[in-house]
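Peer 1: A structural model of the following input is requested.
(chains A and B, ligands or ions: 2)
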Amino acid sequence: MSAAMENAIEVTGLRTHYGQREILKGISISIPRGKTSVILGGSGCGKSTLLKHLIGLLRPTEGKIAINGRDIAAMDEEELNGVRRKMGVLFQGAALLNSLTVAENVALPIREHARLNESTVMIMVRMKLDLVGLSGFENFYPSQLSGGMKKRAGLARAIALDPELLFFDEPSAGLDPVTAAGLDDLILKLRNVFGMTIVVVTHELPSVFTIADYVIMLDAGEVIFSGILDDLRNSQNERVRMFLERRPETRTYSPDDYFRFIVGD
Amino acid sequence: MKIDITEHNGAKVFSLSGDIDLYSSPALRKELIFFIGKKVPLLLVDFRDVSYIDSSGIATLVEGLRGMMSHGGKLKLFGIPERIVEIFAFSKLDKVFDICGSLDDAVKD
Ligand SMILES: Nc1ncnc2c1ncn2[C@@H]1O[C@H](COP(=O)(O)OP(=O)(O)OP(=O)(O)O)[C@@H](O)[C@H]1O
Ligand SMILES: [Mg+2]
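Peer 2: Ligands and ions are numbered 1, 2, ... in the order given. Okay, the predicted model is just below:
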């Protein structure tokens, strides 16, 4: 394998906007193949935005997003679809289709990308549901599930096609500690058994120290850290330390600025 | 994936090679269903040259096992590379399938 292909994803000079607002300010990162990378950073710093660009859901203003060496920012929809077949995604809100049962939701990507016999599909679906602890809930509708169960159903759907690349946006948010630990365990196994490249956005520090091989930290649209866990622990960067030590943000503006802010001037 | 079908002491032997995935599982399924229809007593699947199996492949073998059991036949797998045994174990199927080391072990009982 060439040095470049040791990274499943190479992002260079990525700039993104929502309207006039610049969100990601020219970031460059590498996601190592067959490893779990965790993306950290405060609320609103651009983590979900980054993830949506990595899966080709949003197009950048500038920059390259190479997946297995090919720039998806330059691909047309059809090419992009080919790349997406190798990706599993679990969004922040799980995004199940409410008119379909749990089983039908999980079967969706299988039916979309493959021609398999119905009974084969259903066995695949039940295996995935069992992995996420949802055996027996095949015929439930999303509205009949708790928040954590929806998340796990979304996860089952994300891994339905045994993806090469798996993306999670805050998978353990809203899960009880036991279920969250089970999810960490599943992520470790998916990496070990299938060699999946996994990218996880999370705020849960215990989870970071359990699953991460590689960490990227964003702050206000810029990368302030990237490296292995040991380097994260030893980082002297003030913003990194604040995050790890869970120190609150200290206000830096003056009483005058504060006054102007609350009166709306 | 390629399937070679031979006979060994009255057993059917499926020798698979390459990737058993979304694209090749239907072909494997078709062959399995055909021999299940003939109610063969023993079907052995040779995994020595299999490089990868995904969940569609595993699900297809589960269907094969169920089909064989329905007429009292046996389905056994042998020569599975270590990495693929792990995939079976991950799917909790390493104890469901009869997994043997070699062809000789598989025809013994
Ligand atoms: N669809 C949108 N239209 C306009 N602005 C958006 C949109 N989505 C996000 N933003 C803005 O982009 C910034 C980054 O949002 P993003 O969702 O990427 O943050 P995040 O790091 O994932 O935060 P959180 O940890 O709270 O999920 C935020 O300031 C947000 O207001
Ligand atoms: Mg987010």
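Peer 1: how far away is residue A:153 from residue A:69?
Peer 2: 33 Å (Cβ to Cβ, to the nearest Å). From N, CA and C alone the C-beta is placed, and that goes for glycine too.
Peer 1: Neighbour count for those two, which is higher?
Peer 2: residue A:153 (26 against 12; other Cβ atoms under 10 Å in any protein chain shown).
Peer 1: For my notes, confirm residue B:47 occurs in a helix.
Peer 2: No. Applying DSSP: H, G, I helix; E, B strand; the rest coil, one finds residue B:47 to be strand, outside a helix.
Peer 1: Need the nearest residue in space to it, chain neighbours excluded.
Peer 2: Leaving aside its chain neighbours, residue B:47 sits nearest to residue B:80 (4.2 Å; criterion: Cβ to Cβ, 6 or more residues apart in numbering or on different chains).
Peer 1: Spell out, range by range, the helices that occur in the chain.
Peer 2: Just going to use chain A. In chain A, the helices defined using DSSP state H lie at A:47-54, A:77-84, A:102-113, A:118-131, A:147-158, A:177-194, A:205-211, A:229-234, A:238-244, A:255-263.
Peer 1: other chain: chain B
Peer 2: Using DSSP H, helices in chain B cover B:25-37, B:55-70, B:82-90, B:103-108.
Peer 1: Quick one: distance of the third one to the chain centre.
Peer 2: Spelled out, it's helix B:82-90. From the chain centre to the centre of helix B:82-90 is a distance of 14 Å (Cα atoms, centre = their mean, to the nearest Å).
Peer 1: for chain A, what are the nearby residues on chain B?
Peer 2: B:22-23, B:25-26, B:29, B:54-56, B:58-60, B:62-63, B:86-87, B:90-92 (Cβ under 8 Å from any Cβ of the partner chain).
Peer 1: Among those, name the buried ones.
Peer 2: B:22, B:25, B:29, B:54-56, B:58-60, B:62-63, B:86-87, B:90-91 (16 or more other Cβ atoms under 10 Å in any protein chain shown).
Peer 1: now for these, which pair is the farthest apart?
Peer 2: B:29 and B:86 (23.4 Å; Cβ to Cβ).
Peer 1: Can you name the residues that contact residue 51?
Peer 2: You didn't say which chain, so I picked chain A. A:39, A:167, A:169, A:199, A:201 (Cβ atoms under 8 Å, 6 or more residues apart in numbering or on different chains).
Peer 1: please go with chain B instead
Peer 2: The contact partners of residue B:51, by Cβ under 8 Å, 6+ apart, come to B:17-19.
Peer 1: Narrow the residues you listed to those that are buried.
Peer 2: Neighbour counting with 16+ other Cβ under 10 Å marks residue B:19 as buried within those.
Peer 1: which among the contacts of residue B:51 gets closest to chain A?
Peer 2: If you rank the contacts of residue B:51 by distance to chain A using Cβ to the nearest Cβ, residue B:19 comes first, at 11.3 Å.
Peer 1: Beta-bridge partners for the closest one, please?
Peer 2: Counting by DSSP bridges, residue B:19 is bridged to residue B:52.
Peer 1: isn't it right up against residue B:56?
Peer 2: No. Using Cβ atoms under 8 Å as the test, residue B:19 is too far from residue B:56 to be in contact (10.7 Å).
Peer 1: quick revisit: can you redo the contacts of residue B:51 as JSON lines with pLDDT?
Peer 2: Output for those, formatted as JSON lines (pLDDT from 0 to 100):
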{"residue": "B:17", "pLDDT": "97"}
{"residue": "B:18", "pLDDT": "97"}
{"residue": "B:19", "pLDDT": "96"}
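Peer 1: Which of the contacts of residue B:51 sits closest to ligand 1?
Peer 2: residue B:19 (36.2 Å; Cβ to the nearest ligand atom).
Peer 1: measure the closest one to residue A:141 for me?
Peer 2: With Cβ to Cβ as the criterion, residue B:19 and residue A:141 are 36 Å apart.
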